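Undergrad: pasted the sequence and its predicted model underneath.
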There are 2 protein chains.
Amino acid sequence: MNKKTPQPTIIRLCSIYQLLCNLEKEGVIKVSSAELEEKTGVPSHSIRKDISFIGGAAGSKGSGYEVGKLKQRILNNLGFNRERKVCIVGLGRLGSAIIQWQSMAEGEFRIVAGFDSDINKVETIKTSISVFPSHELPDVVKRMGIELGIIAVPPAHAQEVADRLMEVGIQGIVNFAPAIIKSRRNDCFIRNMDIAGELRILSAAIEKQSP
Amino acid sequence: MNKKTPQPTIIRLCSIYQLLCNLEKEGVIKVSSAELEEKTGVPSHSIRKDISFIGGAAGSKGSGYEVGKLKQRILNNLGFNRERKVCIVGLGRLGSAIIQWQSMAEGEFRIVAGFDSDINKVETIKTSISVFPSHELPDVVKRMGIELGIIAVPPAHAQEVADRLMEVGIQGIVNFAPAIIKSRRNDCFIRNMDIAGELRILSAAIEKQSP
């Protein structure tokens, strides 16, 4: 199997993976590519192609995919079986709300460090993760082996923080700040959490699908 | 043009729309369907089909799409030119962080009301939106003409809150709680904000695309 998977295939497989996790929790055993398309927006022929790309049995037509098996195959192929360490920059309301999320601690990702430029915040915040003033970021990231970063600072500082994270070797950033940030390196990927984008899908669904 | 647009097409068009907004802010004038695929994961032939579905000029092959024009066409077709009112349930750290996001106030969506079951929180929170105890939800939603809801309560209460929102006629829900909630009505759509899902895409990108 080749090492490089095209970015669009990765995005589509992740979206399918997420749905499979949900289906598994609901106790669903089999799913068709038509159902996968309905929920993810990934066209069914792309689903079949992407799955064969990762060496998946194409799933005999009509019978659908086995949820657990397909999930496991994507998990293995995309390397989700290895826990990655995550840091968070910005310990305001949003940042501390994110730290609280227990779902993060399910084995795939672990938030191990938090940073804030406000020393008072660092000294007073109550949390189970280690917190540091921002200037210690390069040392801590290296020492703890942190690979991913979450940005939860005000929008005006988001790019600056992203640049600093990339400088110290962070390879992936989830940006919660309502600002578009750019990757200045080819080997660092950025995802923007976008609440307006989600509201927009709902808005379009109401507009186009309500009776 | 037909009123009903298939759900997968809507999801794909929204994802393209979001990218076009970003490109426009960056001053980009033209974009190819290959570039759109690279960033959104939507296969380029689907992009062409979806755009023709909403009556868009297919964009002569090779020359690409005009960013501003295509954005406007999707906006008009999916009804983004009408402001929708949004309420938020749960005024804890996450809820109050979301209210602060100025980007929400850009004309498409307006958070007009917040609810919490904790009367003390309702009485002490400092915010520019109107806040109410949860039991007033049915009245307020009707009176203010609220169409969309954001859930920012602890995961154990998410489904219960979703059910209540659907009962009072809310047609779309963005769920921030790390819990999967189900729509019990065909005419209510739910989107889950999923930070683990975003981290997963980054994780896969590192695994499959790093040199």
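TA: Structure's in. What do you need?
Undergrad: for the rest of this, base every contact and every neighbour count on C-alpha atoms.
TA: OK.
Undergrad: how many residues are close by A:Val174?
TA: 23 (other Cα atoms under 10 Å in any protein chain shown).
Undergrad: go on, A:His157?
TA: 15.
Undergrad: would you mind measuring from A:Lys85 to A:Gln100?
TA: 16 Å (Cα to Cα, to the nearest Å).
Undergrad: next one: A:Arg48
TA: Following Cα to Cα, the distance that separates A:Arg48 from A:Gln100 is 37 Å.
Undergrad: past the one helix or strand A:Ala162 maps to, which element shows up next along the chain?
TA: Using DSSP states H and E, A:Ala162 maps to helix A:155-167. Sequence-wise, the next helix or strand downstream of helix A:155-167 (DSSP H and E) is strand A:172-175.
Undergrad: what does that next one contact?
TA: Contact with strand A:172-175 is made by A:147-152, A:158, A:162, A:181, A:188-193, B:195, B:198-199, B:202-203, B:206, as judged by Cα atoms under 8 Å, 6 or more residues apart in numbering or on different chains.
Undergrad: quick one, phi psi at A:Ser130?
TA: Backbone torsions of A:Ser130, given as degrees, to the nearest 10, read phi -80, psi 140.
Undergrad: quick one: contacts for it?
TA: Going by Cα under 8 Å, 6+ apart, the list of residues near A:Ser130 reads A:112-114.
Undergrad: output those residues as JSON lines; include the columns neighbour count and distance to chain B.
TA: Formatted as JSON lines, those follow (neighbours: other Cα atoms under 10 Å in any protein chain shown; distance: Cα to the nearest Cα, whole Å):
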{"residue": "A:Val112", "neighbour count": "20", "distance to chain B": "14"}
{"residue": "A:Ala113", "neighbour count": "22", "distance to chain B": "16"}
{"residue": "A:Gly114", "neighbour count": "26", "distance to chain B": "16"}
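Undergrad: looking at these, which one is closest to A:Gly55?
TA: A:Val112 (34.0 Å; Cα to Cα).
Undergrad: packing partners of the helix or strand hosting that closest one?
TA: Per DSSP H and E: A:Val112 is located in strand A:109-116. For strand A:109-116, the packing partners by 3 or more Cα pairs under 8 Å, 6 or more residues apart in numbering or on different chains; DSSP states H and E come out as strand A:84-89, strand A:130-133.
Undergrad: turn these into TSV, columns for mean pLDDT.
TA: Formatted as TSV, those follow (pLDDT from 0 to 100):
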stretch	mean pLDDT
strand A:84-89	95
strand A:130-133	96
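Undergrad: which of those is buried the deepest?
TA: strand A:84-89 (a mean of 23; mean count of other Cα atoms under 10 Å in any protein chain shown).
Undergrad: ok, the helix or strand just after it near chain B or not?
TA: Going down the chain from strand A:84-89, the next helix or strand is helix A:93-100, by DSSP H and E. Yes. On the criterion Cα under 8 Å from any Cα of the partner chain, helix A:93-100 is in touch with chain B at A:93-94, A:96-98.
Undergrad: now swap in stretch A:35-45 and tell me
TA: Yes. Applying Cα under 8 Å from any Cα, one finds stretch A:35-45 in contact with chain B at A:37-43.
Undergrad: strands along chain A, start to end?
TA: Along chain A, counting by DSSP state E, strands occupy A:30-31, A:65-66, A:84-89, A:109-116, A:130-133, A:148-151, A:172-175, A:189-192.
Undergrad: which among these is found nearest to B:Lys126?
TA: Comparing these by Cα to Cα, strand A:109-116 comes nearest, at 23.2 Å.
Undergrad: can you mark which positions in the longest helix seen in chain A are buried?
TA: Of all the segments of type helix in chain A, defined by DSSP state H, the longest one is helix A:7-25. By neighbour count on 16 or more other Cα atoms under 10 Å in any protein chain shown, the buried set for helix A:7-25 is A:7-21, A:23-24.
Undergrad: below-threshold pLDDT in chain A: ranges please.
TA: A:1-3, A:56-62, A:101-106, A:210-211 (pLDDT under 70).
Undergrad: just the residues contacting stretch A:35-46, thanks.
TA: Residues contacting stretch A:35-46 (Cα under 8 Å, 6+ apart): A:12, A:15-16, A:19, A:33-34, A:47, B:7-12, B:42-43, B:46.
Undergrad: switch the cut-off to 7 Å
TA: Residues from elsewhere that reach stretch A:35-46, judged by Cα atoms under 7 Å, 6 or more residues apart in numbering or on different chains: A:12, A:15-16, A:33-34, B:7-9, B:11-12.
Undergrad: go ahead and confirm A:Pro155 touches A:Pro178.
TA: Yes. Look at A:Pro155 against A:Pro178 with Cα atoms under 7 Å: they come within range, at 5.7 Å.
Undergrad: starting at the chain centroid, how far to stretch A:146-160?
TA: The chain centre lies 14 Å from the centre of stretch A:146-160; the measure is Cα atoms, centre = their mean, to the nearest Å.
Undergrad: just to revisit the earlier point, CSV for the strands of chain A, including distance to B:Ser63?
TA: Below are the strands of chain A laid out as CSV (distance: least, Cα to Cα, whole Å):
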stretch, distance to B:Ser63
strand A:30-31, 39
strand A:65-66, 39
strand A:84-89, 41
strand A:109-116, 42
strand A:130-133, 49
strand A:148-151, 36
strand A:172-175, 32
strand A:189-192, 28
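Undergrad: and of those strands, who's closest to B:Met166?
TA: strand A:30-31 (26.8 Å).
Undergrad: other SSEs contacting that closest one?
TA: When contacts are defined as 3 or more Cα pairs under 7 Å, 6 or more residues apart in numbering or on different chains; DSSP states H and E, strand A:30-31 packs onto strand A:65-66.
Undergrad: neighbouring strands of the strand it packs on in the sheet, and parallel or not?
TA: strand A:30-31 (antiparallel) (DSSP bridges).
Undergrad: now the partner strand, how far from the chain's geometric center?
TA: The chain centre lies 24 Å from the centre of strand A:30-31; the measure is Cα atoms, centre = their mean.
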